[in-house]
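S.K.: turn this into a structure:
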Amino acid sequence: MPQLDMLAAVDLGSNSFRMELGRMEHGQLVRTDYLKETVRQGGDLDAQRNLTPEAMERGWECLARFRERLHGLSASQVRAVATQTLREARNREVFLNRAQQVLGYPIEIISGTEEARLIYIGVSQFLPNDGERRLVIDVGGRSTEMILGQNREPSTMNSYRVGSVSWSQKYFPQGQFTEQAFNQAKVAAQAVLEEALVMYPRDLWDKAYGASGTVGAVADVLQYAGWTPGQITRDGLAWLIQCVQAAQHFSRLRLEGLKEDRRAVIGGGLAVLSALFEQFDIEALHVAQGALRHGAMHELVERDHGEMDVRDASVHRLARKFGVDREQAKRVGDVALQLLAMMNPSGSPAPHRIERKLAWASELHEVGLSISHSDYHKHGAYILDNADVIGFSQPELHRLSMLVLGHHGKLRKLDIDFEDPMVVQQLLALRLSVILCHSRRPPDMTGLQVHCDPEQKIFEWQCPSDWAQRFPQSNHLIQQEIISWQKTPWTLRLRQTKFEK
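M.R.: Below you'll find the model as predicted:
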């Protein structure tokens, strides 16, 4: 039986893969299941920054187990995100291609800024809207995210390439804990975090929160040892570092509350935490209930249940930043959506997500004009492929960049799936709309139609018999468009009709 009210988030972290399932009750997410496996892919990047076959296999096996629990959930109910290790891995596509097949759902590689934003969204869901200014920190396996925010809104978000797994490998390679190694690891972490000093000064936040693995593991040990539950103090952190140094090696660590999977990476995590406490004048770090996966789940609600999608605001912001002609963008968007609807009659309308992506591409199709009129579509695609845009994963931005690149010019070398009718319909709708709006005024759509036969891969452009005479430039551009599609698996053909008023 379909579980229509269920939501799930999968977090492919550098140290652990986590999956959480829950449902919304009275505006709050209530957990129904939680799974975590220590995969430690972040420790198995080779010298060329490739994931080893063993690391990939561990990941695939874990995702196969997750898939069994996700059975029955639609794609709109599940969001899977991957973080720093897969951002770094040169062979990530090899892992991802099979991973998505194994899991049965798309996997997004999100940017460090997007990871930070989702962490804050997740943490804030479990905190009151009391106006408190918050510093949120998440020490992960290969990166550390820092966020300033108030209530539900993050304001400053950054990701730094320092984490428990990478620092343990680099400064405690044999698992030996010495005072010298700790000092070196802390100083190195402070060097990486130095650029953050001007963005996270002590006078900009009232209370510091720590999310996820390292913070939770350290807080658990301190609580078992009698320290205040739910927080890490500077004194408690110093005491724990002394305990770890006294053990001399991770195999001899006997700390109540320290899980087996944390022993090998606790040294790196403690060194990073120590650097953060000292550098940012933190007296106490309070353990947050929320995490990245909770932020991802909450955005599923926003995206697919009629609430505001943060990506809409990001697209508007990007359009303003690059001086896009908003009136022209709206004209192109309105016509493109009208054409898309023609290709999908009432019996099988285009999904809302397809319409939304076409609207984004329409709004941003001229974003490259701020660089140059020559090849502006290429400049626009470059901007989208290389920008951190809040709410978007890297694959999402690339697909959007391909629509922007493809709205004009040659189709043959475009990196899109020409076997996916919806993707091709988006592309044609945008290209035709740009043609019809070429004079930068609303086009006369009277008698114009476009139909799609996805099985035969045929588009048919219908226009009144006198349309070419009334709109010679538009007709010329349509004729050129027909030629352009000859170099793809699809055919665009023209049919003139007698239009009666």
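S.K.: out of the helices and strands in the chain, which is least certain?
M.R.: Within the chain, no helix or strand scores below helix 292-304, which has a mean of 84 by mean pLDDT, DSSP states H and E.
S.K.: helices of the stretch 51-200 of the chain, residue ranges please.
M.R.: Taking DSSP state H, counting those that start in this stretch to define them, one finds helices in the stretch 51-200 of the chain at 53-70, 84-88, 92-103, 112-124, 164-171, 179-193.
S.K.: pick the most deeply packed of those helices.
M.R.: Burial of those is given as mean neighbour count (mean count of other CB atoms under 10 Å); helix 112-124 ranks first at a mean of 26. Just so you know, the C-beta spots here come from the backbone N, C-alpha and C atoms, and that holds for glycine as well.
S.K.: what's near enough to touch residue 440?
M.R.: By CB atoms under 8 Å, 6 or more residues apart in numbering, residue 440 lies in contact with 325, 327, 328, 331.
S.K.: please flag which of these sit within helices.
M.R.: Of those, the ones assigned to helices by DSSP state H are 327, 328, 331.
S.K.: ok, and the most crowded of the residues you listed?
M.R.: With neighbours taken as other CB atoms under 10 Å, the top of those is residue 331, carrying 20 neighbours.
S.K.: go ahead and confirm that one touches residue 437.
M.R.: Yes. Using CB atoms under 8 Å, residue 331 makes contact with residue 437 at a distance of 4.9 Å.
S.K.: for residue 89, state which of the ones in helices among the contacts of residue 440 is nearest.
M.R.: In terms of CB to CB, no member of these lies closer to residue 89 than residue 328, at 40.3 Å.
S.K.: pLDDT score assigned to the closest residue in space to the closest one that isn't next to it in sequence?
M.R.: In space, and not counting its chain neighbours, residue 328 is closest to residue 440: 5.4 Å by CB to CB, 6 or more residues apart in numbering. pLDDT, residue 440: 93.
S.K.: list the contacts of the helix or strand harbouring residue 362.
M.R.: Using DSSP states H and E, residue 362 sits within helix 352-364. Contacts to helix 352-364, defined as CB under 8 Å, 6+ apart, come from residues 309, 311-312, 315-316, 318-319, 324, 329-330, 332-333, 336-337, 340, 380, 384, 399-400, 403-404, 407, 422, 425-426, 429-430, 433.
S.K.: pull the distance from it to the chain's centre.
M.R.: Its chain's C-alpha centre and that of helix 352-364 lie 17 Å apart, by CA atoms, centre = their mean, to the nearest Å.
S.K.: run the angle between that helix and helix 292-304 for me.
M.R.: Regarding helix 352-364 and helix 292-304, their directions subtend 90 degrees when assessed with axes from the mean of the first three to the mean of the last three CA atoms, to 10 degrees.
S.K.: which other helices and strands contact the very next helix or strand once past helix 352-364?
M.R.: Using DSSP H and E, the helix or strand that follows helix 352-364 towards the C-terminus is helix 376-386. Where contact means 3 or more CB pairs under 8 Å, 6 or more residues apart in numbering; DSSP states H and E, helix 376-386 is packed against helix 394-406.
S.K.: just the angle for the helix it packs on relative to helix 352-364, thanks.
M.R.: Helix 394-406 runs at 50 degrees relative to helix 352-364, counting by the same axes, to 10 degrees.
S.K.: could you list every helix and strand in contact with helix 394-406?
M.R.: Helix 394-406 packs on strand 107-109, helix 352-364, helix 376-386, helix 421-436, going by 3+ CB pairs under 8 Å, 6+ apart.
S.K.: repeat the analysis, applying 6 Å as the threshold.
M.R.: In terms of contacts (3 or more CB pairs under 6 Å, 6 or more residues apart in numbering; DSSP states H and E), helix 394-406 is packed against helix 352-364, helix 376-386.
S.K.: how about that helix as CSV, C-alpha atoms only?
M.R.: Output in CSV follows, covering the C-alpha atoms of helix 394-406 (Å, rounded to 0.1, in the frame of the first residue of the first chain):
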residue,chain,number,x,y,z
GLN,A,394,24.9,20.7,-8.8
PRO,A,395,23.1,18.3,-11.2
GLU,A,396,20.0,20.5,-11.1
LEU,A,397,22.0,23.5,-12.0
HIS,A,398,23.7,21.7,-14.8
ARG,A,399,20.3,20.6,-16.3
LEU,A,400,19.2,24.2,-16.0
SER,A,401,22.4,25.4,-17.6
MET,A,402,21.8,23.0,-20.6
LEU,A,403,18.3,24.6,-21.2
VAL,A,404,19.9,28.1,-21.1
LEU,A,405,22.6,26.9,-23.4
GLY,A,406,20.2,25.2,-25.7
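S.K.: got the contact list for that helix?
M.R.: Residues outside helix 394-406 that contact it (CB atoms under 6 Å, 6 or more residues apart in numbering): 109, 360-361, 364-365, 377, 380-381, 384-385, 414-416, 427.
S.K.: now, of those residues, which are buried?
M.R.: Among those, those classed as buried by 16 or more other CB atoms under 10 Å are 109, 360, 361, 364, 365, 377, 380, 381, 384, 416, 427.
S.K.: re the thing from before, now do the helix holding residue 362, average pLDDT.
M.R.: Mean pLDDT, helix 352-364: 91.
S.K.: same question, stretch 187-197
M.R.: Here stretch 187-197 scores 96 as its mean pLDDT.
S.K.: next one: stretch 140-153
M.R.: Here the average pLDDT along stretch 140-153 is 94.
S.K.: what are the contacting residues of that stretch?
M.R.: When contacts are defined by CB under 6 Å, 6+ apart, stretch 140-153 is touched by residues 13-15, 42, 84-85, 115-116, 119-120, 124, 129, 133-138, 154-166, 196, 200, 204-205.
S.K.: and that stretch, end to end?
M.R.: Start and end residues of stretch 140-153 are separated by 22 Å (CA to CA, to the nearest Å).
S.K.: can you list the buried residues in it?
M.R.: 140, 141, 142, 143, 144, 145, 146, 147, 148, 149, 150.
S.K.: how far does it sit from its chain's centre?
M.R.: Taking CA atoms, centre = their mean, one finds the center of stretch 140-153 at 15 Å from the center of the full chain.
S.K.: again with stretch 148-161
M.R.: On CA atoms, centre = their mean, the centre of stretch 148-161 falls 15 Å from that of its chain.
S.K.: return the residues in contact with residue 46.
M.R.: Here residue 46 is in contact with residue 52 (CB under 6 Å, 6+ apart).
S.K.: mind listing the strands for the stretch 201-350 of the chain?
M.R.: With strands called from DSSP state E, counting those that start in this stretch, the stretch 201-350 of the chain shows them at 207-211, 231-233, 284-287.
S.K.: adjacent strands (with direction) for the last one?
M.R.: Using DSSP bridges, the strands paired with strand 284-287 in its sheet are strand 207-211 (parallel), strand 231-233 (antiparallel).
S.K.: so how far is residue 20 from residue 33?
M.R.: Per CB to CB, to the nearest Å, residue 33 is found 7 Å from residue 20.
S.K.: could you list the low-confidence segments of the stretch 1-150 of the chain?
M.R.: Along the stretch 1-150 of the chain, segments meeting pLDDT under 70 span 1-4, 26-27.
S.K.: please repeat the previous calculation with a cut-off of 90.
M.R.: Scanning the stretch 1-150 of the chain for pLDDT under 90 picks out the ranges 1-6, 15, 23-31, 40-47, 75-76, 125-126, 128-129.
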